[in-house]
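J.: build me a model:
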Amino acid sequence: MKRLYALCLVLALSFSLFAGCGDSSSSLPPSSSEAPAPTATPQPTEAPFDGHPLTGEAKSPDYIPGRPIAIMINNRSDSRPARGLSQADVLYEIMVEGGITRFMALFPNYQTMVEVGPVRSARDQFFRLVRPFQPLYVHVGRSGITQQYIDDSGYGDLDVNGLNVTVAERDQNRLAQGFPKDATAYTNDTLIGSYINKHDVDMSRALTSPIFDFVNYNESPRALNGDDAASVNIVHSASYRTGFTYDEASGKYLTSLYAKSSGYTPMVDEANNERIAFENVIVLFTDISNYPYPGGNEHGDPGYKKVDYDFGGIGYYISNGKIEKIRWTKGPTEYPLMLQDEAGNSLKINCGKSYIAVVSLNEYDNFAYTGPGGDATSGKVQQSSSDAAAAKQAEAAADAADTAD
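T.: Prediction:
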């Protein structure tokens, strides 16, 4: 009886085991004869864009993040050549009083700077352009109008006026050679560093995005879709002009400056005799007039220039031997300069150093460019209404007003 019971129990268990597994063959592990499933090969991911904020180029291993430096530079013909400008990543040129122009050089940091100058006085048309980047703004003297903009911006210790602090020193050799006194002030990393340490200036604040919409440095430079522009001539006034010649070997525009006495001569860095050159040339046209100065002051009417940034305008972008017509907007002091193509899209700027000119609409017809083999500087320039005597008088009045503050 017990044997019959055991036999029945074994048969019952066997039946339930096969019944439970008969429809579950897909859950069984594959036999050793089946091929293993293929394993996906990880794809390399491209490093995120992290370009240099002033040039768009890939950051070098010795890149030092931090607050940039903007320095006002004398460009009067009797102050040339300037020193240290081959180190600048961006160079601005705008007309000031008397038809002369001035430079503002933008450097990524002060630690790698050598001697730069001649340092000159501040003008609001420069400060308003660079204010959104919040650089350390270095100058010797300033117009009262510029000071008002600086005060309204609450710029504090970021505004470094060499008339009030020791941030520049006179070059005695230049003085001995007969250069004007306002063409002899120079600054360097040591002087700027001393000011920063003394006033506990926060220089750790770095630009969080590039100043232009740069082409990705992992890509080839953009080919512009406009005319050939191997030679370019920017006329600021009858006496002040800037020429550029495209050097195909380097992909840069070589800069020349005009003087009535000598015509166009290569713009070189006095520190190393290096030709000043740029990958990008940007020309922005707008209305430039005189600020009203009723009755002048004890020095006369300085003729400070009022540059209209409120409504934007037209301009040109030049790179890689080509030129494109563009549009630009700026607006209030705290708003950055924005560049667009003619269709209104953000303008893609090639990586590299940039020259930016803000030019009076009165000189629009004098702007010229030619293709290979041409010379845009050879054409006749229509004379502006201000003559040399008026320009010299206005310049002298502005100089006196600067040094009196």
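
J.: all strands of the stretch 251-400 of the chain, in order?
T.: All strands of the stretch 251-400 of the chain, identified by DSSP state E, counting those that start in this stretch, fall at 252-259, 263-266, 277-278, 280-286, 288-290, 305-307, 313-319, 322-329, 338-341, 348-349, 354-360, 368-370.

J.: who's in contact with the fifth one?
T.: Applying Cβ atoms under 8 Å, 6 or more residues apart in numbering, the contact partners of strand 288-290 are 95, 303-308, 358-362. (Glycine included, C-beta is placed from N, CA and C.)

J.: now these in JSON lines, with neighbour count and distance to residue 213?
T.: Shown next, in JSON lines, are these (neighbours: other Cβ atoms under 10 Å; distance: Cβ to Cβ, whole Å):
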{"residue": "95", "neighbour count": "22", "distance to residue 213": "27"}
{"residue": "303", "neighbour count": "21", "distance to residue 213": "36"}
{"residue": "304", "neighbour count": "22", "distance to residue 213": "32"}
{"residue": "305", "neighbour count": "24", "distance to residue 213": "29"}
{"residue": "306", "neighbour count": "13", "distance to residue 213": "29"}
{"residue": "307", "neighbour count": "23", "distance to residue 213": "23"}
{"residue": "308", "neighbour count": "16", "distance to residue 213": "24"}
{"residue": "358", "neighbour count": "28", "distance to residue 213": "19"}
{"residue": "359", "neighbour count": "27", "distance to residue 213": "22"}
{"residue": "360", "neighbour count": "22", "distance to residue 213": "26"}
{"residue": "361", "neighbour count": "13", "distance to residue 213": "25"}
{"residue": "362", "neighbour count": "16", "distance to residue 213": "30"}
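
J.: nearest to residue 333 among those residues?
T.: residue 307 (11.9 Å; Cβ to Cβ).

J.: quick check: closest non-adjacent residue to the closest one.
T.: residue 125 (3.9 Å; Cβ to Cβ, 6 or more residues apart in numbering).

J.: burial count for the one you found?
T.: 25 (other Cβ atoms under 10 Å).

J.: quick revisit: any chance of the contacts of strand 288-290 in TSV, plus distance to residue 381 and pLDDT?
T.: Listed next are these as TSV, based on distance: Cβ to Cβ, whole Å; pLDDT from 0 to 100:
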residue	distance to residue 381	pLDDT
95	14	97
303	21	91
304	24	94
305	19	96
306	23	97
307	21	98
308	23	98
358	18	98
359	13	98
360	13	98
361	16	97
362	12	96
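
J.: ok, those vs residue 143, which is closest?
T.: residue 304 (5.3 Å).

J.: for residue 193, which of the strands of the stretch 251-400 of the chain is the nearest?
T.: Of the strands of the stretch 251-400 of the chain, the one closest to residue 193 (Cβ to Cβ) turns out to be strand 354-360, at 26.3 Å.

J.: which parts of the stretch 1-150 of the chain are strands?
T.: Counting by DSSP E, counting those that start in this stretch, the strands of the stretch 1-150 of the chain are 69-74, 90-95, 101-107, 136-139.

J.: just those: most buried one?
T.: strand 136-139 (a mean of 27; mean count of other Cβ atoms under 10 Å).

J.: that older thread, which of the strands of the stretch 251-400 of the chain is buried the deepest?
T.: Sorting these by mean neighbours (by mean count of other Cβ under 10 Å), the first place falls to strand 354-360, with a mean of 24.

J.: dump the residue contacts of residue 228.
T.: Residues near residue 228 by Cβ under 8 Å, 6+ apart: 321-323, 370-372.

J.: check contacts around residue 118.
T.: Taking Cβ under 8 Å, 6+ apart as the test, what residue 118 contacts is 73-74, 79, 82-83, 171, 174, 179, 182-186.

J.: what's the distance between it and residue 248?
T.: Separation of residue 118 from residue 248 (Cβ to Cβ, to the nearest Å): 33 Å.

J.: residue 156: which of the contacts of residue 228 is nearest?
T.: residue 323 (40.9 Å).

J.: phi and psi next, for the closest residue to that closest one other than its chain neighbours.
T.: Distances taken as Cβ to Cβ, 6+ apart place residue 229 nearest to residue 323, at 3.8 Å, with adjacent residues excluded. Note on residue 229: backbone dihedrals following degrees, to the nearest 10 are phi -140, psi 80.

J.: how much space between residue 229 and residue 367?
T.: For residue 229, the distance to residue 367 - Cβ to Cβ - is 11 Å.

J.: the more surrounded of those two?
T.: Between residue 229 and residue 367, residue 229 has the larger neighbour count (other Cβ under 10 Å), namely 27 against 17.

J.: ok, that one - contacts?
T.: Residue 229 neighbours (Cβ under 8 Å, 6+ apart): 246, 318, 321-323, 369-371.

J.: give me the pLDDT for it.
T.: Per-residue confidence (pLDDT) for residue 229: 98.

J.: same question, residue 300
T.: For residue 300, the predicted pLDDT is 81.

J.: switch to numbering from 27
T.: New numbering, starting at 27: the last item is residue 326.

J.: how many neighbours does it have?
T.: 16.

J.: now do it against residue 213, distance only.
T.: 30 Å.

J.: ditto for residue 140
T.: Applying Cβ to Cβ to residue 140 and residue 213 gives a distance of 10 Å.
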